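Engineer: Got a predicted structure here, sequence first:
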Amino acid sequence: MSAPLDLLNQRHSVPSRQLGEPAPDDTTLRALLQAAIRVSDHGKLVPFRLIKLRGEAKLQFGERLAERAIARDPDLPESKQEKERLRYTFAPLVIVVVACLHPDSSVPEIEQKLCAGNVACNLLLGAHALGYGAQWLTGWAAYDDEAARIIGLGAHEHVIGFVHIGTPRIDVPDRDRPALDDLLSTWTP
Ligand SMILES: Cc1cc2nc3c(=O)[nH]c(=O)nc-3n(C[C@H](O)[C@H](O)[C@H](O)COP(=O)(O)O)c2cc1C
């Protein structure tokens, strides 16, 4: 029997370039997403939504973003243009986690963004629990107005992350982790 904290202790990211087929099928993905949206949510605002990218749409998405990258920098070298085009093609599945902010709410914006961020975190953990690999990426496209329009975001929506999901092609070693003793202190009055 696995120890209760194994899931948290063993999860680590797999670079999107190292993620291949298969990704979760639609039934498995629904179960994964259903579990991932079970996040703490101040005010029960549900300040997030999800956008699924699979197959050909991933290449077309990259092509649209590459056009935007070239518009931002007409001197962008061809190698970097190609990188933009292919960015979303490696992993077979990409879930865009979107924060949908409620500007009139008394719940601070940061708490709403953290809530959406927890969905992305749950996605990483859930994918790992199901035997898949995943990586949470942002990059310039997460912070660009025209990219937001291409993705179809509304006025108070922001990309929290592109979560790339698939099957690891290689064994990725874990990275060094912070030492708890460097981070933990005990408050005394
Ligand atoms: C909000 C957020 C955005 C990130 N964006 C990027 C990114 O754009 N490019 C990148 O190489 N890593 C990015 N990372 C880091 C990777 O997702 C990952 O955390 C890192 O490779 C180490 O993985 P692990 O600690 O999950 O094993 C981001 C992480 C977070 C939390």
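Structural biologist: Structure received.

Engineer: So the nearest residue to Val172 once chain neighbours are set aside, which state does it fall into?
Structural biologist: Nearest non-adjacent residue to Val172, counting by Cβ to Cβ, 6 or more residues apart in numbering: Val14, 5.0 Å away. (Each C-beta comes from the backbone N, C-alpha and C, glycine too.) Three-state call for Val14 (DSSP: H, G, I helix; E, B strand; the rest coil): coil.

Engineer: Which parts of this structure are helices?
Structural biologist: 6-10, 26-36, 56-72, 78-86, 109-129, 145-151, 180-183 (DSSP state H).

Engineer: is it possible to export the ones you listed to a markdown table including mean neighbour count and mean pLDDT?
Structural biologist: Below are these laid out as a markdown table (neighbours: other Cβ atoms under 10 Å; pLDDT from 0 to 100):
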| stretch | mean neighbour count | mean pLDDT |
| --- | --- | --- |
| helix 6-10 | 11 | 96 |
| helix 26-36 | 15 | 98 |
| helix 56-72 | 17 | 97 |
| helix 78-86 | 14 | 96 |
| helix 109-129 | 20 | 98 |
| helix 145-151 | 16 | 97 |
| helix 180-183 | 7 | 98 |
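
Engineer: Out of those helices, the one nearest Val96 is which?
Structural biologist: helix 145-151 (6.3 Å; Cβ to Cβ).

Engineer: list the helices and strands that closest one packs on?
Structural biologist: helix 56-72, strand 157-168 (3 or more Cβ pairs under 8 Å, 6 or more residues apart in numbering; DSSP states H and E).

Engineer: What are the contacting residues of it?
Structural biologist: With contacts defined as Cβ atoms under 8 Å, 6 or more residues apart in numbering, helix 145-151 is touched by 51, 61, 64-65, 68, 71, 96, 98, 140-141, 157-159.

Engineer: so can I have TSV of these showing distance to the ligand?
Structural biologist: As requested, these are exported to TSV (distance: Cβ to the nearest ligand atom, whole Å):
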residue	distance to the ligand
Ile51	17
Phe61	16
Arg64	18
Leu65	13
Arg68	16
Ala71	20
Val96	13
Val98	13
Trp140	9
Ala141	9
Glu157	16
His158	12
Val159	10
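
Engineer: Show the contacting residues for the closest residue to Ser16 other than its chain neighbours.
Structural biologist: Excluding the flanking residues, the one nearest Ser16 by Cβ to Cβ, 6+ apart is His164, at 3.9 Å. By Cβ under 8 Å, 6+ apart, the contact set of His164 is 16, 19, 88, 90-91, 93-94, 134-135, 137.
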